[in-house]
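K.L.:
sequence? don't have it. structure:
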């Protein structure tokens, strides 16, 4: 059994509300920057599959509590085995977002990093606070973000820029992400709620059938990308050693350069 099976997703780890045609899903673990375990991805998938198909829902909003949208995995409990186990359930969440018949809007109250950014990549739209940052850290830690960032991301911001973020583990401010076409709008933190309402109102004013058709058609790229995700998950299992992952995580936590020399032979 993978280590993070012990990490139970409590009911209050994810807040779900439905009002005026909008289903709002809030990642609610601010004390760990809304880090997501396998259990939390399962919880999030179930919530999206539930509210996304309700007839009274026209838009789904995904956001975070506190000062981060999501920091991805929790490095305090992360290991190679936990990473592999979590990835199995993370891909289900991303596909649930894509298969949801309603537009899904990511509202970035703060940083969206690693798995948090792959949630953003999967969403139909993203608006962000000016204080938010987005990016990845996988190659600093011993692996790579294979669920969207190494495939679909290139169609959103271009191959060279996506490679820059993924290969070099870069994290950039929301203003840069906006310039690159990564997100749709950046506003001051105090205006984020108003911007969220404006986006939802505009979407709710459009034809539900038309939006569903547009989304189903746009999923072409995700359908193609899934063909690369499945073998990549197998490669993650076979090609990333526990020792490399441990070194990357320890170096990150100790704020020192990782020593990759044993793996350069």
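P.N.:
Yep, it's here. If you're wondering where the values come from, they're calculated on a predicted model, not measured in any experiment.
K.L.:
Pull out the buried residues from stretch 142-159.
P.N.:
Of all the residues in stretch 142-159, those buried under the rule 16 or more other CB atoms under 10 Å are 142-154, 156-157. C-beta coordinates here come from the backbone N, C-alpha and C atoms, glycine included.
K.L.:
same question for it, mean pLDDT?
P.N.:
Average pLDDT, stretch 142-159: 92.
K.L.:
switch to numbering from 29
P.N.:
Right, with 29 as the first residue, what we last looked at is stretch 170-187.
K.L.:
Point out where this structure drops to low pLDDT.
P.N.:
Low-confidence segments of the chain (pLDDT under 70): 29-37, 293.
K.L.:
circling back to that earlier point, closest to residue 68 among the buried residues of stretch 170-187?
P.N.:
For the buried residues of stretch 170-187, the closest approach to residue 68 (CB to CB) belongs to residue 175, at 14.9 Å.
K.L.:
From residue 45, how far off is the closest one?
P.N.:
As judged by CB to CB, to the nearest Å, residue 175 and residue 45 stand 27 Å apart.
K.L.:
Can you flag which of the buried residues of stretch 170-187 belong to strands?
P.N.:
By the criterion of DSSP state E, membership of these in strands covers no residue at all.
K.L.:
Restricted to helices, list these.
P.N.:
Among the buried residues of stretch 170-187, the members falling in helices (DSSP state H) are 180-182, 184-185.
K.L.:
Show me which pair in the buried residues of stretch 170-187 is furthest apart.
P.N.:
Greatest spatial distance in these: 170 and 184, 25.4 Å, computed using CB to CB.
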